[in-house]
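**Student:** Need a 3D model of the sequence below.
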Amino acid sequence: MTGVQQTAVLGQDVAPGFASARERATFGTPPGRQLISREFVLQHQRTRIIQALAEEVVDKGYRDVTVASIVKRAGVARNTFYDSFSNKEECFLAATDLAGEEAMRRISEEVRAAPPAWPERVRAGLRAFLAFAASESALARVFVVESLSAGPAAAERYERTVRAVVPFFRVGRRGIDHGESLPETLEETIVGGIFWVVYQRIVTGRPDQLEDLLEEVVEFALTPYLGVAAARQVAAPVPA
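**Tutor:** This next block holds a predicted model:
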C-alpha cells in the first residue's frame, strides 16, 4: 500500500466517528443572505452552540461549563440547545468529533498535495496538524486536552484517533534495513509524543507557538526511520 493509500485508510478509519461534512464546513461561518432552509438554520445554530461550548471550555474547563453558559455565549435559547443535544456531554462529544474531522480534513489535503516521498508527506501532515491546533485552539483544546478528563466516551474518541494515525507512521518501516527491528510500539510513542507537545502548548496558553515547532516535531517523528541527519534535512524549512 502506498503512502497515499495509507492516508486514505487513515481518513476512512477516523471519519465514521466524526461529525458530518456539512457540520464541519459551517463551523464559524455565518449564513449567507440568500433564502435559507430551516434545516440550514438549525445546522448553523448547532454549529454556533458547539463553538460556544469550545470557547467556554477554554475559559473554564469542561467540568465547570454549564448549558446556561453555553447558550448565553451562543446567543440562543435553551430549548434551541436541547433541539440538538440532550445534555452538555453530548454537545462536548459533537465538538470532539468536529475537531477530529476538521483536523483530518486539513491533514489529508496537505498530504495529498505533498511530494510522493513518505518523509515529505509526514512533514506536510504535521505542518497541517500544528496549523490546525494553532488556528482553532478552542477546538484543539476540547479534543487534545479536555477529552482526557471528560468521561469514557470522550477518552475513547481520543484514543481511537491516536490509533488511526499510527498506520501512517508505520509506513516508514518499509524500505529501510532496520524496519523489522524497530520497537513494536514505536509509532504509538511517536503519535503520543506529538499530541503531548500540542497538549503542553495549549494548557500553558501558547497555542500560537505550535507552528514554530514544526522542524523539531518532524525531526522527532522521522529520526527512528531515517537517522538524525536525514530527518533534519527533511525537517529543515523549505526555501521560499
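**Student:** all helices of the protein, in order?
**Tutor:** Under the criterion DSSP state H, helices of the chain are mapped to 3-14, 21-25, 38-60, 67-74, 78-84, 88-113, 118-135, 137-140, 152-170, 186-203, 214-226, 228-235.
**Student:** Could you count how many residues lie near residue 99?
**Tutor:** 29 (other Cβ atoms under 10 Å). C-beta coordinates here come from the backbone N, C-alpha and C atoms, glycine included.
**Student:** Spit out the contact partners of it.
**Tutor:** Residue 99 is in contact with 54, 136, 139, 140, 142, 143, counting by Cβ atoms under 8 Å, 6 or more residues apart in numbering.
**Student:** Next: residue 139.
**Tutor:** 27, 54, 95, 98, 99, 102.
**Student:** Below-threshold pLDDT in this structure: ranges please.
**Tutor:** 1-41, 239-240 (pLDDT under 70).
**Student:** So for it, the centremost residue is which one?
**Tutor:** residue 103 (3.7 Å; Cα atoms, centre = their mean).
**Student:** Distance check, it against residue 226.
**Tutor:** 25 Å (Cβ to Cβ, to the nearest Å).
**Student:** do residue 174 as well
**Tutor:** Residue 174 is 13 Å from residue 226, by Cβ to Cβ.
**Student:** likewise residue 62?
**Tutor:** From residue 62 to residue 226 the distance is 39 Å (Cβ to Cβ).
**Student:** do residue 138 as well
**Tutor:** From residue 138 to residue 226 the distance is 35 Å (Cβ to Cβ).
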